[in-house]
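> the sequence and its predicted three-dimensional model are supplied below.
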Amino acid sequence: MIVNAMEFKEFEDCRAFMNLLDDRDFVLKYKHILDSKFEELVKWFLFDYMGIKTRPVPPIASYMRKINLLRLYLLVAMDGGYQNVTTENIWPAIAKDMGFNYEDGDYMRVTYVAYLDVLEYYYNFKQVQQNMQDKKTVLEEGTSTGGHQESSKNAGVTKQNYAEMEPVALFAGVDDEDWNKGKRRKRFNFNYAKWAMDEANRSVLDQARKHNLV
């Protein structure tokens, strides 16, 4: 009921919804509802917040197959984020997990960039901003004697930390401890996967021929 009632009128609404996705049990239990609500979020972010109205939501592959944006977002997060998935060449495996072919890996990457990369950047940026603000508030409330000087010093540290963390958010590389406890795949060997599939298909065909001869 809470998820169904959520509306997206400012980015803070998006941040509140995306925070819910950290709870894996919650996602699995209400995935059907979250799928459509996440599409609604992406559509609001692109159309209203960013002013980009030329991208259909949800995206449709060239052979008229819908791409589940929530699933794509979560799979990439589980494998360490966009930068790690790209560096380790895991996009073919992501495509297979999405129900597509290994060859569609690059299409998944392009789709992620077009629909989710900027959204994730804004989300991480707001998270860092909120964390720094919370830390500053706690420090200010906890100061006693000589509090003004200590608060000013800590505020300076906060600004320095924020400046250091901002570029990290830019590349959507802020680690998510909950999701990153899941699977972590090594560099994907596309050639080996293709060879294994060809061998499996050849074996099936050989068995069929032997059966027909009998």
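Thanks, I have the structure now.
> lowest-pLDDT helix or strand in the chain?
helix 147-170 (a mean of 40; mean pLDDT, DSSP states H and E).
> what residues of the helix or strand hosting V85 count as buried?
Element membership for V85, per DSSP states H and E: helix 82-87. With burial defined by 16 or more other CB atoms under 10 Å, the residues of helix 82-87 counted as buried are 82, 84-85. In short, each C-beta sits where N, CA and C put it, glycine included.
> same question for stretch 26-43.
Buried residues in stretch 26-43 (16+ other CB under 10 Å): 27, 30, 34-35, 37-39, 41-43.
> could those residues go into a markdown table alongside pLDDT and distance to M1?
What follows is the buried residues of stretch 26-43, written out as a markdown table (pLDDT from 0 to 100; distance: CB to CB, whole Å):
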| residue | pLDDT | distance to M1 |
| --- | --- | --- |
| V27 | 89 | 17 |
| Y30 | 88 | 10 |
| L34 | 93 | 13 |
| D35 | 93 | 17 |
| K37 | 94 | 12 |
| F38 | 95 | 17 |
| E39 | 94 | 19 |
| L41 | 95 | 17 |
| V42 | 95 | 22 |
| K43 | 95 | 22 |
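> among these, which are in helices?
In helices, judged by DSSP state H, the following of the buried residues of stretch 26-43 are found: 27, 34-35, 37-39, 41-43.
> nearest to L139 among those residues?
For these, the closest approach to L139 (CB to CB) belongs to L41, at 33.1 Å.
> correct me, but that closest one touches C14?
Yes. With contact defined as CB atoms under 8 Å, L41 reaches C14; the gap is 5.5 Å.
> what residue ranges in this structure score low on pLDDT?
The model of the chain has pLDDT under 70 over residues 131, 133-134, 136-137, 140-214.
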